[in-house]
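**Student:** got a structure for you, letters missing:
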């Protein structure tokens, strides 16, 4: 009988121990799971440049991002207006949403595909970007990752 009680006690102790380990492991699990990446670029628009910049965004910028979306390189894109911005804050935020960040090799592959699609030379695109400095300033770019709550 004592042996049976010892065995039963050992089994109960083992069961309690296993339950405690499971609860402890679950309690120490990070509460978030990494999600999509949001690339956020802050843009300051100079006085009088809003119309010109808005038209560029609605045409060339949008076309480029639709191309990237069609290739599966990005999931979405959007423009946010900073309605009540202070003097040192951007007027607009340009957002690009992607599932992951490509490796160097993948980035090179995408760049080659983009240049095959694009009808302009790199020199022309760089020049045009400089010309946009007349009516806009890129203030910052951040890469943010969504943290989803673990179920």
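**Tutor:** Received it, and whenever you're ready, just let me know what you need. Only a predicted model underlies this, so the values are computations on that prediction, with no experimental measurement involved.
**Student:** which ones are touching residue 34?
**Tutor:** Listed by Cβ atoms under 8 Å, 6 or more residues apart in numbering, the contact set of residue 34 reads 145, 146, 147, 148. C-beta here means a position set from N, CA and C on the backbone, and glycine is covered the same way.
**Student:** Show me which of the residues you listed are buried.
**Tutor:** Among these, none is buried by neighbour count (16 or more other Cβ atoms under 10 Å).
**Student:** Cross those against strands and list the overlap.
**Tutor:** Residues of the contacts of residue 34 located in strands (DSSP state E): 145, 146, 147, 148.
**Student:** which of these sit farthest apart?
**Tutor:** Across the ones in strands among the contacts of residue 34, the longest distance by Cβ to Cβ is 10.0 Å; it joins 145 and 148.
**Student:** got any residues that touch both of these two?
**Tutor:** Counting by Cβ under 8 Å, 6+ apart, the residues touching both residue 145 and residue 148 are 34, 35.
**Student:** Give me the next element, helix or strand, following the helix or strand bottoming out on mean pLDDT in the chain.
**Tutor:** Scoring the helices and strands of the chain by mean pLDDT, DSSP states H and E places helix 2-27 at the bottom, with a mean of 52. Next in sequence after helix 2-27, counting helices and strands by DSSP states H and E, comes strand 32-45.
**Student:** Tell me which strands that next one pairs with, and in which orientation.
**Tutor:** strand 92-98 (antiparallel), strand 136-149 (antiparallel) (DSSP bridges).
**Student:** got a list of contacts for the longest one?
**Tutor:** Identification of contacts with strand 136-149 by Cβ under 8 Å, 6+ apart yields 31-46, 49, 53, 90, 101.
**Student:** Buried members of the residues you listed into PyMOL, please.
**Tutor:** Those of those that count as buried under 16+ other Cβ under 10 Å are selected in PyMOL with:
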select buried, resi 37+38+39+40+42+43+44+45+49+53+90
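**Student:** No more questions from me, cheers.
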